[in-house]
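Chemist: Curious how this folds, go ahead:
(one chain, ligands or ions: 2)
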Amino acid sequence: MGAYTETYRRSLDDPERFWLEAARAIDWTQRPTRALDSSAAPFYRWYPDGELNTSYNALDRHADGGRGAQDALIWDSPVTGRKRRYTYAELRDEVATFAGALASLGVTRGDRVILYLPMIPQAVIAMLACARIGAVHSVVFGGFAPKELAARIEDAKPKLILAASCGIEPTRVVEYKPIIDAALETTEHQPDHVVVFQREQARAELSGTDLDWTELVADADPVDPVPVKATDPLYILYTSGTTGRPKGVVRDAGGHAVALAWSMGALYDVHAGDVWWTASDVGWVVGHSYIVYAPLLVGATTVLYEGKPVGTPDAGAFWRVISEHGVQALFTAPTALRAVKKVDPDADELKKYDLSRFRTLFMAGERLDPETYHWAHDILGTPVVDHWWQTETGWPIAANPRGLEPMPVKPGSATKPVPGWDVRILDQAGEELPAGREGAITLKLPLPPGSLPTLWGDDERYREAYLSRYPGYYLTGDSGYLDEDGYLFVMGRTDDVINVAGHRLSTGSMEAVLASHPAVAECAVIGVADQLKGQVPRGFVVLKSGVDVPEEQLRDELVALVRRDIGPVAAFRDVSVVSALPKTRSGKILRKTMRGIADGRDEAVPSTIEDPSVLDALRAILRP
Ligand code: COA
Ligand code: AMP
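Modeler: Ligands and ions are numbered 1, 2, ... in the order given. Model (predicted):
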């Protein structure tokens with residue numbers, strides 16, 4: 001039996017023993033004597049009697065254990081022309097002092113703190129400082145509009161908001177303070193303070209209870225890590241669901257630390273002293289897990305990159321960073337590579353750099369299309385490894401376990417279920433499907449450590465959204481199949497979630513915005529294939545009777561509305577006026593049929609459709 005098969009079987013046959021053993025990689029202030037607590041099933045808890053501090057595990061134990069002078073963090077920011085390195089000792093000290101600053105404002109264990117920060121070291125410092133004092137951080141991605149920020153403020157009820165004065169996009173400086181002010185104008189909940197890190201590209205005007213980050217830190221004293229229960233929340237990360245209201249995915253402290261440390265070695269083959277780069281954003285789960293927590297938990301060096309893959313200043317940006325910092329493994333989304341391929345198809349830029357230390361390219365966030373896979377593999381000559389997971393799970397569900405037992409790559413597959421995850425493919429009736437048959441990808445409960453225990457303040461929504469469709473199983477929302485070798489192929493979402501340039505978005509929330517326009521009677525938004533971004537949203541609206549607006553004007557208004565209410569990250573640019581939407585006789589919009597037309601998979605028109613002729617107009621638009 002190979003190492004993978006043996007480990008996978010052990011993890012499912014005796015999870016108690018497996019995860020207690022894995023917990024030894026973490027320093028506990030109170031070592032857990034039990035792994036799984038099923039007493040409130042289907043709500044599970046891991047390490048119910050354990051206590052630890054995540055910031056201690058990510059920093060102090062390395063700083064004091066012989067890695068004090070090793071780089072913990074390398075910040076590389078082509079958009080500002082700046083770079084900075086932090087050793088483990090320096091990063092620990094910065095975090096301890098900033099934690100002291102938070103404590104001086106009365107933030108204590110269990111308080112929520114919202115972070116609205118770009119890819120600067122202060123984002124990492126703020127996350128770890130919250131963890132140090134047991135506060136619960138909630139990072140909001142900078143590309144979201146005030147309304148989205150407001151929804152998160154209202155739900156998390158933060159004591160503080162930590163922000164920078166601006167983020168930097170290639171074509172513009174994005175001022176954050178006006179976005180925060182606009183959000184706070186609409187929320188009932190008001191934080192005690194907004195603490196602003198001033199960047200020279202655009203300084204924010206502070207007023208009222210606003211505080212200056214640098215002044216606050218100047219007066220602060222460092223504080224020690226506070227032990228918290230393993231089951232205490234470490235963070236909340238909001239993600240798009242099928243409705244407009246984002247879901248607050250909760251991450252606990254203990255299970256998260258154990259699972260991430262385990263994944264770093266077993267799945268990525270990255271260890272203490274290695275240099276690792278995740279080119280994502282701290283606003284997404286990939287950034288939380290693999291820019292910040294996992295690499296630091298194992299004593300590796302993590303690269304924090306503020307910029308785009310291309311045009312900052314050239315198409316060789318990725319290769320320059322890998323070469324300059326001696327990066328051994330890179331994790332990014334396929335869309336980023338497609339962006340590089342588009343401007344440098346022959347990878348001429350790559351030839352300028354020494355990539356001799358580079359070992360593996362990891363890809364996730366969206367399906368790795370075979371064309372991008374082959375291109376990357378050909379130009380790099382290293383393994384290019386797809387893997388699949390989601391915000392809720394916190395770490396990979398399916399992967400090619402490079403540290404455990406590297407497996408041959410099958411393009412199009414995310415390779416095999418990871419130890420801890422009991423992946424089952426179910427049909428509509430809940431029957432398990434044989435190899436090769438596509439169905440709903442589900443995970444038999446309990447989920448392993450590191451996965452979400454619930455949604456913030458909403459156990460019922462957690463149950464309803466994930467556990468009710470197939471009792472005893474977690475519904476991933478993706479469909480796919482296992483082949484005869486046990487390789488998993490993820491084919492796409494079955495719900496109203498789309499992935500635009502690796503960014504997870506809800507078409508439901510875009511529909512809510514379109515419906516708010518006075519001319520719109522009804523609407524639908526679906527994801528359609530895009531060469532660069534993988535998917536982009538595409539809107540269809542039916543006008544109220546008697547409305548007479550030029551289509552171009554209406555389109556501009558609707559595009560601007562989505563940008564205003566959701567944010568530029570929605571990349572919403574296309575909307576068409578149609579005379580009717582396809583519906584069932586009971587009036588339900590047939591979005592799945594619309595998606596089928598867009599994907600060229602529209603052979604089966606549902607028998608429940610009210611008026612099949614409506615589909616012709618959609619075909620003419622989507623497949624002209
Ligand atoms: N703050 C403010 N605005 C942001 C933003 C941020 N943090 N991130 C993106 N935006 C804006 C962009 O400026 C753009 O605005 P525009 O409409 O005015 O041009 C819009 O949101 C859409 O952004 P995006 O879809 O990212 O397109 P892009 O052309 O800027 O970049 C890629 C395309 C592929 C290079 C980029 O999306 C990328 O690197 N993606 C990787 C995704 C990733 O890391 N995913 C995480 C999972 S691994
Ligand atoms: P997020 O929660 O933002 O990480 O997005 C999770 C979703 O992205 C998944 O449910 C999938 O739909 C999609 N996804 C992530 N990684 C992959 C992958 N490797 N292959 C296919 N889809 C993926």
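
Chemist: Enumerate the residues of the stretch 201-350 of the chain near ligand 2.
Modeler: Within the stretch 201-350 of the chain, the residues that sit near ligand 2 (C-beta under 6 Å from any ligand atom) are 239, 284, 285. C-beta coordinates here come from the backbone N, C-alpha and C atoms, glycine included.

Chemist: same thing but at 8 Å, please
Modeler: Neighbours of ligand 2 within the stretch 201-350 of the chain, by C-beta under 8 Å from any ligand atom: 239, 240, 284, 285, 286.

Chemist: Can you check the pLDDT for the second one?
Modeler: Spelled out, that is residue 240. Looking at residue 240, its pLDDT stands at 87.

Chemist: residues in contact with it?
Modeler: By C-beta atoms under 8 Å, 6 or more residues apart in numbering, the residues touching residue 240 are 246, 247, 497, 504, 505, 506, 509.

Chemist: Apply 10 Å and report the result again.
Modeler: When contacts are counted by C-beta atoms under 10 Å, 6 or more residues apart in numbering, residue 240 touches 148, 246-247, 391, 496-499, 503-509, 566.

Chemist: Between all of the residues of the stretch 201-350 of the chain next to ligand 2, which two are separated the most?
Modeler: Farthest-apart pair in those is 240 and 286; separation 14.7 Å (C-beta to C-beta).

Chemist: How about stretch 110-121 and ligand 1, touching?
Modeler: Yes. Stretch 110-121 is in contact with ligand 1 by C-beta under 8 Å from any ligand atom, via 118, 119.

Chemist: Show me the domain layout of this structure.
Modeler: 3-307+387-466, 497-622 (automatic domain parsing).

Chemist: And the ones you listed, which one averages the lowest pLDDT?
Modeler: When the domains of the chain are compared on mean pLDDT, domain 497-622 scores lowest, with a mean of 92.

Chemist: Would you tell me whether that one gets close to ligand 1?
Modeler: Yes. Using C-beta under 8 Å from any ligand atom, domain 497-622 reaches ligand 1 at 500, 501, 502, 503, 532, 533, 563, 567, 568, 569, 570, 571.

Chemist: My read is that the last one contacts residue 563, right?
Modeler: In this case it means residue 571. Yes. Applying C-beta atoms under 10 Å as the test, residue 571 and residue 563 come out as touching, 9.3 Å apart.

Chemist: Comparing the two, which residue is more hemmed in?
Modeler: Ranked by neighbour count (other C-beta atoms under 10 Å), residue 571 and residue 563 place residue 571 first, with 20 against 17.

Chemist: Please report phi then psi for the one residue in the stretch 351-500 of the chain that gets nearest to ligand 1.
Modeler: Nearest residue of the stretch 351-500 of the chain to ligand 1 (C-beta to the nearest ligand atom) works out as residue 365 at 3.2 Å. Residue 365 adopts backbone torsions of phi 110, psi -30, taken as degrees, to the nearest 10.

Chemist: what's the neighbour count on it?
Modeler: Residue 365 is flanked by 25 other residues according to other C-beta under 10 Å.

Chemist: Next: residue 232.
Modeler: Per other C-beta under 10 Å, the neighbour tally for residue 232 reads 17.

Chemist: What distance do you get for the closest residue to ligand 2 within the stretch 51-200 of the chain to residue 281?
Modeler: At 10.2 Å from ligand 2, residue 141 is the closest residue in the stretch 51-200 of the chain, using C-beta to the nearest ligand atom. Distance, residue 141 to residue 281, using C-beta to C-beta, to the nearest Å: 6 Å.

Chemist: Tell me which stretches of the stretch 51-200 of the chain form helices.
Modeler: Here the stretch 51-200 of the chain has its helices, by DSSP state H, counting those that start in this stretch, at 54-55, 61-62, 88-104, 121-132, 146-156, 177-186.

Chemist: and this protein, which residues reach ligand 2?
Modeler: So the chain meets ligand 2 at 239-240, 284-286, 363-368, 386-392, 398, 414, 476-478, 490-493, 497, 499, 502-504 (C-beta under 8 Å from any ligand atom).
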